[in-house]
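Peer 1: Have a look at this fold, sequence not included:
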């Protein structure tokens with residue numbers, strides 16, 4: 001979830017057991033930790049859709065942003081040749097309303113600027129100087145600015161997993177947006193658009209991505225084995241996986257042992273989150289334990305899954321991961337749009353052989369989806385033009401124009417509900433057997449488990465990866481005891497111990 005996906009620039013070090021993967025990590029490999037949540041604006045893992053819906057071409061864009069770098073062909077995108085931190089040309093355009101203002105906008109991915117530029121085109125009174133930095137550098141620079149009380153921009157992209165780090169002081173260094181948003185809040189899928197950047201009843205940021213998770217599988221393989229689809233329950237998936245394994249070539253899933261993503265997705269589907277409304281870690285509750293134990297069971301008990309191939313630079317889906325799917329060693333997966341969608345670019349020969357559906361029932365509450373990823377636009381309290389900055393956020397995130405622009409350049413499915421009336425979002429996807437992603441996402445989105453933010457998110461990502469994911473998935477440590485151990489450390493860290 002590029003440096004953003006592979007872990008370059010992250011400060012979360014994975015600590016596993018004394019196995020070969022730990023050797024990699026001990027040599028200085030840094031996991032993206034919670035930054036895989038971002039899935040925002042990284043250039044290469046998601047080739048541009050060139051303005052089309054995620055339809056026929058295998059090399060078309062993923063259904064939304066991916067954690068690794070993604071090239072874009074969108075004309076509106078920021079120039080990709082600009083050096084990190086360099087100011088891009090100010091954006092101005094043809095119509096005018098309101099008072100003139102010059103704003104500075106910080107981002108960590110050029111690809112996330114195209115829809116902003118398009119959205120403000122009709123407002124030449126808004127002059128925006130864009131500055132793009134590497135992911136880690138931008139967030140560290142922002143933290144230094146808000147801590148020192150000077151140097152912050154007017155608007156900034158804050159990745160979902162990094163936001164909690166700005167909640168540790170006595171005051172939140174961002175402008176509350178509740179009044180600026182007003183009743184327009186109802187036009188958003190709030191679990192994806194505002195909850196991740198909210199704290200104690202105040203909204204401090206708005207994200208434009210709806211990163212709903214789905215199950216994907218090789219429809220042709222299931223058909224050849226006489227497996228009926230779609231799947232209603234995870235028990236049906238397990239039964240299908242056993243048929244896949246018995247056929248002698250493949251396993252169903254490649255489950256991650258270096259990143260908490262699979263556990264986080266299934267915990268939400270089970271009806272919970274990692275934190276409660278007060279910011280306390282609850283990832284060790286029944287839902288979390290059930291999710292973590294289920295993942296371990298698929299590898300060692302049911303034996304329908306293997307450990308996801310990884311290397312020192314790619315903890316989620318690098319070259320070894322894609323090689324395994326190309327070789328049909330695995331024939332199923334589950335995840336958000338930026339994960340599922342990159343099959344079109346990385347496994348083009350399997351076009352038309354895949355299908356998608358909501359997550360099955362059978363783990364906890366059995367919700368049909370989960371949210372994984374996002375980046376929100378925030379206004380630092382140091383902004384000299386908070387009203388104009390708020391106008392930019394409204395134009396970019398609360399309009400069909402902004403939604404369609406980002407869909408055309410990155411195939412982002414938006415958190416703005418009215419955009420799902422657009423025909424471009426309803427086009428069938430030939431790679432995934434004609435699936436209508438827009439209809440699926442807009443149908444399951446209302447069931448999302450509300451996101452709970454916390455100052456402890458960055459610490460929790462490290463503890464869960466190090467104390468839970470790696471030992472449970474590599475060494476078969478008991479899921480409940482591992483999560484209890486992680487909770488103890490997280491509580492101690494959050495209390496300053």
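Peer 2: All right, it came through fine. Keep in mind that this is a model prediction, so the values were computed, not measured.

Peer 1: Pull up the gap between the closest residue in space to residue 188 that isn't next to it in sequence and residue 365, please.
Peer 2: Once flanking residues are discounted, residue 188 sits nearest to residue 415: 5.3 Å by CB to CB, 6 or more residues apart in numbering. In this view, the C-beta of every residue, glycine as well, is placed from N, C-alpha and C. Here the criterion is CB to CB, to the nearest Å. By it, residue 415 lies 22 Å from residue 365.

Peer 1: Which one's more surrounded, these two?
Peer 2: Using other CB atoms under 10 Å, the more surrounded residue of residue 415 and residue 365 is residue 415, with 28 against 13.

Peer 1: so who does the more buried one touch?
Peer 2: Going by CB atoms under 8 Å, 6 or more residues apart in numbering, residue 415 touches 188, 189, 192, 193, 207, 208, 209, 210, 397.

Peer 1: from those residues, which ones fall inside strands?
Peer 2: residue 207 (DSSP state E).

Peer 1: Spell out which helix or strand contains residue 105, please.
Peer 2: Using DSSP states H and E, residue 105 falls within strand 101-107.

Peer 1: same for the following helix or strand past that strand, what does it pack against?
Peer 2: Next along the chain after strand 101-107, taking DSSP H and E as the criterion, comes helix 114-119. Packing partners of helix 114-119 (3 or more CB pairs under 8 Å, 6 or more residues apart in numbering; DSSP states H and E): helix 386-397, helix 400-410.

Peer 1: With mean neighbour count, distance to residue 480 and mean pLDDT added, can I get those in JSON lines?
Peer 2: JSON lines is the format used below for the helices and strands packed on helix 114-119 (neighbours: other CB atoms under 10 Å; distance: least, CB to CB, whole Å; pLDDT from 0 to 100):
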{"stretch": "helix 386-397", "mean neighbour count": "22", "distance to residue 480": "40", "mean pLDDT": "97"}
{"stretch": "helix 400-410", "mean neighbour count": "25", "distance to residue 480": "39", "mean pLDDT": "94"}
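
Peer 1: angle of the strand holding residue 105 against helix 386-397?
Peer 2: Interaxial angle of strand 101-107 relative to helix 386-397 (axes from the mean of the first three to the mean of the last three CA atoms, to 10 degrees): 60 degrees.

Peer 1: residue contacts, residue 432?
Peer 2: By CB under 8 Å, 6+ apart, the neighbours of residue 432 are 216, 354, 355, 356.

Peer 1: same deal with residue 299?
Peer 2: 255, 305, 306, 307, 473.

Peer 1: Repeat that for residue 363.
Peer 2: Residue 363 makes contact with 234, 266, 269, 270, 287, 290, 291, 294, according to CB under 8 Å, 6+ apart.

Peer 1: hmm, which two among the residues you listed are most spread apart?
Peer 2: 234 and 287 (14.0 Å; CB to CB).

Peer 1: re earlier: ok, the contacts of residue 415 vs residue 311, which is closest?
Peer 2: Using CB to CB, the contacts of residue 415 come closest to residue 311 at residue 209, 27.3 Å.

Peer 1: Strands of the protein, start to end?
Peer 2: For the chain, the strands defined by DSSP E cover 101-107, 126-132, 155-159, 198-199, 202-203, 205-207, 214-218, 253-255, 305-307, 332-335, 354-357, 375-378.

Peer 1: just how off-centre is the fifth one within its chain?
Peer 2: In terms of CA atoms, centre = their mean, to the nearest Å, the centre of strand 202-203 is set 21 Å apart from its chain centre.

Peer 1: now swap in the third one and tell me
Peer 2: In terms of CA atoms, centre = their mean, the centre of strand 155-159 is found 15 Å from the chain centre.

Peer 1: What residues sit buried inside that strand?
Peer 2: Neighbour counts over strand 155-159 (16 or more other CB atoms under 10 Å) mark 155, 156, 157, 158, 159 as buried.

Peer 1: Give the bridge partners for the last one, please.
Peer 2: Following DSSP bridges, residue 159 is listed with bridge partners residue 375.

Peer 1: Please determine how far it is located from residue 222.
Peer 2: The value you get for residue 159 to residue 222, if CB to CB is used, is 36 Å.

Peer 1: what's the residue closest to the geometric middle of this structure?
Peer 2: The centroid of the chain falls nearest to residue 373 when counting by CA atoms, centre = their mean (1.8 Å).

Peer 1: so how far is residue 208 from it?
Peer 2: For residue 373, the distance to residue 208 equals 12 Å [CB to CB].

Peer 1: could you list every residue that touches residue 352?
Peer 2: The neighbours of residue 352, taking CB under 8 Å, 6+ apart as the test, are 430, 431, 433.

Peer 1: per the record, what domains does the chain have?
Peer 2: 101-209+373-425, 214-371+451-494 (automatic domain parsing).

Peer 1: so which of those domains gets nearest residue 442?
Peer 2: Here domain 101-209+373-425 is closest among the domains of the chain (CB to CB), at 4.4 Å.

Peer 1: Quick one: distance of that closest one to the chain centre.
Peer 2: The mean C-alpha position of domain 101-209+373-425 is separated from the chain mean by 15 Å, CA atoms, centre = their mean.

Peer 1: Ends of it, what's the gap?
Peer 2: End-to-end span of domain 101-209+373-425 (CA to CA, to the nearest Å): 34 Å.

Peer 1: now stretch 276-285
Peer 2: End-to-end distance for stretch 276-285, by CA to CA: 11 Å.

Peer 1: Next, the residues that contact it from outside, please.
Peer 2: Residues from elsewhere that reach stretch 276-285 (CB under 8 Å, 6+ apart): 167, 199, 267, 272-275, 288, 452-456, 460, 464, 480, 483-484, 486-487, 490-491, 494.

Peer 1: how about 7 Å then?
Peer 2: Residues outside stretch 276-285 that contact it (CB atoms under 7 Å, 6 or more residues apart in numbering) are 267, 272, 274-275, 452, 454-456, 460, 464, 483-484, 487, 490-491.

Peer 1: And for stretch 319-331?
Peer 2: For stretch 319-331, contacts defined as CB under 7 Å, 6+ apart pick out 217-218, 221, 244, 249-254, 306, 308-311, 314, 346-347.

Peer 1: Helices - which of those land there?
Peer 2: Mapping the contacts of stretch 319-331 onto helices (DSSP state H) picks out 221, 244, 346.

Peer 1: related to what we said a few turns ago, which one of the contacts of residue 299 sits closest to residue 410?
Peer 2: residue 255 (27.1 Å).

Peer 1: Cool, thanks, talk later.
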